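> please find the sequence and the predicted model below.
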Amino acid sequence: MPNRLDRGFQKYQEEIESAALKVLRSGWYVLGPEVESFEKEFASYVNSKYCVGLANGLDALWLSFRVLGIGAGDEVIVQGNTYIASVMGITINGATPVFVEPDEFFNIDVSKIEEKITPKTKAILVVHLYGQASKMDEVVTLCQKYNLRLVEDCAQSHGACYKGQMTGTFGDIGCFSFYPSKNLGAFGDAGAIVTNDENIAQAMKMYRNYGSEKRYYNKVVGANSRLDEIQAAMLRVRLNYLEDMIAERRAIASRYSAEIDNSKILLPKVGAEGTHVWHQYVIRVQEREKLIVSMKDKGIGTIIHYPIPPHLSEAYAYLGHGKGYLPITEEYANTVLSIPMYNGMTQEEQARVIECLNSF
Ligand SMILES: *Cc1c(COP(=O)(O)O)cnc(C)c1O
């Protein structure tokens, strides 16, 4: 029983299918009226002026740094324990990621950012990991003090707020992924950025379509990162139910937190000022391999987000950071485990997971 993405579809099946069918019959398949409507509706949902639909979350990240003019010779601060896409968004542009350790909530430890700022630092990339909003006050203050750009990786935090404000709206750009497993998931790849800056929105629209604003007039070397009509149409249906889906995940999370009771297992903590949308319910356990096997034996799937932190992955060997460079990040990588969390999970399914964890 890994995460069952089909359940989240079945509940709204008719509406999603008819939205898709409407596009199939329309004869307009890429960047059209559905994308435009989704952009308006998503911007309004997060309370931002603009949204630009893109092909995926990684494009949202790297195109953001491209549009902000951040590249070779520049440094971007990011937490060590993130999905590698956050880091690739920086390095695709030739910029250097500067890693900061996470706090007890798995988000960037805001008290350790300032010591990493150098004259080369151009931006901070905040990742609202697992769906919990990071502490944004401190980050915003640092960005103002040192004149840094602020980009948010909201691929896991659709709908999460810090002090009542939606993640993605605190800085220059908020980056979203709508990969099928995300809390707002398409049925294929999709992504978007949100921004309050008209120039950034316009530049992003140019970059996503080969760097052209007017057909065959290319101002910059861009990308093909257009959003499909069919994905936008299905995302519009899901966006209408996002708050319900988040509420359902919160109910699952509170039951886990109330009923998992095993001294070997550390439960996730939620801060007082931010909200959590539970993209993942991440526990920590020292005997992780044993637990994975015992759950697998009972048909329960688990996932490690993420077993190898970016600074230790082969792709980033060139940065020259060895084992021990980020002890907290590495400790998390060795002990975190995501247990089943999906819309449409039944009470009985969850009871089996809890029983398995409590008897470990
Ligand atoms: C999923 C994810 C991305 C990348 O999104 P894609 O749509 O898969 O390219 C980036 N950052 C984080 C934190 C993610 O979870």
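Arrived safely.
> which residue ranges of this structure form helices?
For the chain, helices defined by DSSP state H occupy the ranges 5-10, 13-26, 33-46, 57-67, 84-91, 136-146, 198-207, 229-240, 242-259, 288-297, 327-335, 347-358.
> who's in contact with Asn343?
Asn343 makes contact with Arg7, Gly8, Lys11, Met245, Glu248, Arg249, according to CB atoms under 8 Å, 6 or more residues apart in numbering. Bear in mind the C-beta positions are built from the backbone N, C-alpha and C, glycine included.
> what residues does this structure have near the ligand?
56-58, 82-83, 85-86, 127, 153, 155-156, 177, 179, 189, 191 (CB under 6 Å from any ligand atom).
> now those: which count as buried?
For those, a neighbour count by 16 or more other CB atoms under 10 Å gives the buried set as 56-58, 82-83, 85-86, 127, 153, 155-156, 177, 179, 189, 191.
> out of the residues you listed, who's nearest the ligand?
Nearest to the ligand out of these is Gly57 (CB to the nearest ligand atom; 2.4 Å).
> can you pull the contacts of that closest one?
Contacts of Gly57 by CB under 8 Å, 6+ apart are Ala85, Asp153, Ala155, Cys175, Phe176, Ser177, Phe178, Tyr179, Lys182, Gly191.
> beta partners of the last one?
Per DSSP bridges, residues listed as beta-bridge partners of Gly191: Leu54, Ser177.
> which ones are touching the closest residue to Thr169 other than its chain neighbours?
Nearest non-adjacent residue to Thr169, counting by CB to CB, 6 or more residues apart in numbering: Ser48, 5.0 Å away. Contacts for Ser48 (CB under 8 Å, 6+ apart) come out as Met166, Gly168, Thr169, Gly174, Val194, Thr195, Asn196.
> state the distance from Ser48 to Ala155.
To Ala155, Ser48 is 16 Å away according to CB to CB, to the nearest Å.
> over to Ile265?
For Ile265 relative to Ala155 (CB to CB), the value is 26 Å.
> OK, contacts around the nearest residue to Leu129 once chain neighbours are set aside?
If the residues on either side of it in the chain are set aside, Leu129 comes closest to Phe106, at 4.9 Å by CB to CB, 6+ apart. Residues in contact with Phe106 (CB under 8 Å, 6+ apart) are Asn81, Leu129, Tyr130, Gln132, Pro268, Val282, Tyr332, Val336.
> least reliable of the helices of the chain going by mean pLDDT?
Mean pLDDT is lowest for helix 5-10 among the helices of the chain, at a mean of 93.
> could I get the buried residue list for that helix?
Neighbour-count burial for helix 5-10 [16+ other CB under 10 Å]: Gly8, Phe9.
> can you start the count at 355 instead of 1 from here on
Sure, I'll start numbering at 355, so the last one becomes helix 359-364.
> who touches that helix?
Residues outside helix 359-364 that contact it (CB under 8 Å, 6+ apart): Ile370, Pro534, Ser535, Gly539, Phe541, Met599, Tyr696, Asn697, Gly698, Met699.
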